[in-house]
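J.: this one's sequence-less:
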Ligand code: BGC
């Protein structure tokens with residue numbers, strides 16, 4: 001029996017992202033994003049799924065907010081779809097697109113739920129991709145203009161801003177491995193994307209500072225801190241290489257440390273830096289969000305471009321073969337605490353896919369309950385060890401379009417019957433309700 005107690009001001013939230021839950025891709029003036037295009041590509045998405053209907057939150061947000069409230073959630077992290085707000089990527093603002101987010105935010109506030117808005121969770125307007133997407137500098141400036149529009153229109157409703165969600169995925173899955181939109185496999189473009197995403201973040205924060213808004217603003221990373229597979233110095237080095245290329249290229253510039261030399265010198269990777277860029281990226285922010293799912297182990301391998309390779313894991317894994325390593329979350333929190341000098345941190349996503357079965361209106365997802373509890377225990381330990389962790393957002397509020405996996409992987413604590421769009425809280429949802437109430441013993 002274990003009771004994990006958190007301070008009363010610890011923020012409990014749940015999270016989703018626009019393309020994964022909204023649907024309504026052709027409504028109220030929205031134009032295509034790179035994900036609409038990518039989903040049409042043969043073989044890109046499992047079973048040829050797409051986000052055209054998803055969990056239909058665009059039409060059912062009131063019902064969803066009601067459920068969040070019944071489950072005691074104090075904050076909802078959603079993302080704003082750029083192609084709804086600026087259908088042409090830049091220029092003319094689509095008021096109907098903004099209205100959706102205003103209505104959603106008002107509904108949340110009615111129920112006493114805080115609004116945590118992410119400006120970019122991967123749905124770049126296709127029209128900007130046609131100009132080169134994140135591999136070109138102009139996209140970073142278009143993002144700053146889009147951010148400004150959001151700050152002006154949604155400023156009165158948003159309690160916390162997040163610029164980007166996981167630039168790692170946007171840059172590497174999108175431009176290096178080709179597994180996510182826009183499906184490009186080109187290392188040079190991938191590193192351009194890394195830099196322009198970093199720059200986009202900094203430019204947006206600069207805009208924010210000018211806006212006069214005062215609520216916290218930060219960004220969300222999905223840090224990877226693989227552990228060395230042995231005590232050998234060379235494997236320690238492998239872990240450093242993995243951390244540098246996957247995490248530090250995003251984290252270091254944020255704190256004014258520039259790009260890690262392991263990447264620029266040992267891997268011979270260069271970034272398209274112009275004078276002043278690094279200062280823009282290092283604008284002070286109020287917090288960093290951390291998305292955490294798994295950890296792997298690595299060994300040195302100088303034949304690989306990033307000088308390391310993963311070795312097999314032994315841990316229990318999710319149905320996506322993601323090894324479950326709660327201790328890895330503690331290591332990441334402590335690492336971020338150290339590099340950022342005690343900056344406020346939030347877990348902005350944590351959760352797992354599971355083979356959920358709906359039976360008589362219930363889903364007994366004890367696998368997920370265990371997963372969440374073990375990670376919450378890691379959060380608590382981090383706090384006890386002095387980390388400035390301020391809140392936890394479970395991924396996800398509900399089952400949704402899981403990118404290249406389509407609808408085959410369910411991450412929700414609320415089950416979505418995609419035939420009827422009916423929602424069914426799973427056991428993990430009731431567990432979260434009780435954890436948030438402070439009366440849960442596990
Ligand atoms: C993303 C989510 C995604 C989740 C599970 C994160 O990388 O931000 O959009 O659904 O992981 O794969």
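T.: Yep, that arrived. Since the model is a prediction, treat every value here as computed from it, not as a measurement. Residues are numbered from 1 along each chain as shown.
J.: does the residue nearest to residue 123 when sequence neighbours are not counted have beta-bridge partners, and which?
T.: Excluding the flanking residues, the one nearest residue 123 by CB to CB, 6 or more residues apart in numbering is residue 33, at 3.7 Å. To be clear about C-beta, it is placed using only N, CA and C from the backbone, and glycine gets the same treatment. With DSSP bridges as the criterion, residue 33 is bridged to residue 125.
J.: pLDDT at residue 33, what is it?
T.: Note for residue 33: predicted pLDDT of 98.
J.: can you count the residues close to it?
T.: 27 (other CB atoms under 10 Å).
J.: dump the residue contacts of it.
T.: Neighbour list for residue 33: 19, 81-83, 123-126, 181 [criterion: CB atoms under 8 Å, 6 or more residues apart in numbering].
J.: turn the residues you listed into JSON lines, columns for neighbour count, distance to residue 258 and pLDDT.
T.: Output for the contacts of residue 33, formatted as JSON lines (neighbours: other CB atoms under 10 Å; distance: CB to CB, whole Å; pLDDT from 0 to 100):
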{"residue": "19", "neighbour count": "26", "distance to residue 258": "33", "pLDDT": "99"}
{"residue": "81", "neighbour count": "27", "distance to residue 258": "33", "pLDDT": "99"}
{"residue": "82", "neighbour count": "29", "distance to residue 258": "28", "pLDDT": "99"}
{"residue": "83", "neighbour count": "28", "distance to residue 258": "33", "pLDDT": "98"}
{"residue": "123", "neighbour count": "26", "distance to residue 258": "30", "pLDDT": "98"}
{"residue": "124", "neighbour count": "24", "distance to residue 258": "26", "pLDDT": "99"}
{"residue": "125", "neighbour count": "27", "distance to residue 258": "30", "pLDDT": "99"}
{"residue": "126", "neighbour count": "20", "distance to residue 258": "33", "pLDDT": "98"}
{"residue": "181", "neighbour count": "28", "distance to residue 258": "29", "pLDDT": "98"}
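J.: for the ligand, state which of these is nearest.
T.: Distance to the ligand, by CB to the nearest ligand atom, is smallest for residue 19 among these, at 8.7 Å.
J.: might one say that the closest one is in contact with residue 402?
T.: No. If you go by CB atoms under 8 Å, residue 19 and residue 402 don't touch, sitting 11.0 Å apart.
J.: find the centremost residue of this protein, please.
T.: Nearest to the mean C-alpha position of the chain, counting by CA atoms, centre = their mean, stands residue 165 at 4.1 Å.
J.: what residue ranges in this structure score low on pLDDT?
T.: Residues of the chain meeting the criterion pLDDT under 70: 1-2, 441-442.
J.: contact residues of it facing the ligand?
T.: Counting by CB under 6 Å from any ligand atom, the positions of the chain adjacent to the ligand are 17, 20, 165-166, 169, 222, 291, 349, 395, 402, 411.
J.: perfect, I'm done here.
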